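*Asks:* next one to model:
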Amino acid sequence: MPPNELPKAARTNIEEEDKIYFFGWYDHVAHPKTGNVTGDNLTKTRRLLGKDAAEYCATHNISTRWTTADNAKHYDHRPLPPDWDNPH
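*Replies:* Predicted coordinates:
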């Protein structure tokens with residue numbers, strides 16, 4: 001189910017709760033000066049994309065990126081991180 005179709009209760013009390021449209025990945029390993037994935041980002045990833053995606057992001061230091069409906073340029077309701085099958 002796309003994150004924007006989840007019940008409102010599943011989309012509240014998360015980081016930037018108005019941004020529920022998946023927009024991409026941010027690989028902090030490839031861009032080390034950007035810091036690390038945050039706990040809030042992992043919580044949002046877990047709630048909107050599921051446990052497996054959140055665990056992958058935590059293990060590989062990858063943040064999910066989100067946007068609002070007005071700013072969404074592309075949308076994939078269940079995207080896979082880069083190299084999901086071939087972790088680095």
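*Asks:* alpha carbons only for contacts and neighbour counts from here, please
*Replies:* OK.
*Asks:* quick one, what contacts the residue nearest the centre of the chain?
*Replies:* Geometric centre of the chain, nearest residue: Thr64, 2.8 Å, by C-alpha atoms, centre = their mean. With contact taken as C-alpha atoms under 8 Å, 6 or more residues apart in numbering, Thr64 is in contact with 22-26, 41-42, 45, 57.
*Asks:* return the member of those nearest to Glu15.
*Replies:* Taking C-alpha to C-alpha as the measure, Asn41 is the one of the contacts of Thr64 closest to Glu15, at 6.6 Å.
*Asks:* one step back: tell me the SS of the residue nearest to the centre of the chain?
*Replies:* Using DSSP: H, G, I helix; E, B strand; the rest coil, the three-state assignment for Thr64 comes out as strand.
*Asks:* that one bridge partners, please.
*Replies:* With DSSP bridges applied, Thr64 shows beta-bridge pairing to Trp25.
*Asks:* out of the contacts of Thr64, the closest to Ala9 would be?
*Replies:* The shortest separation between Ala9 and any of the contacts of Thr64 is 15.2 Å, and it belongs to Thr45 (by C-alpha to C-alpha).
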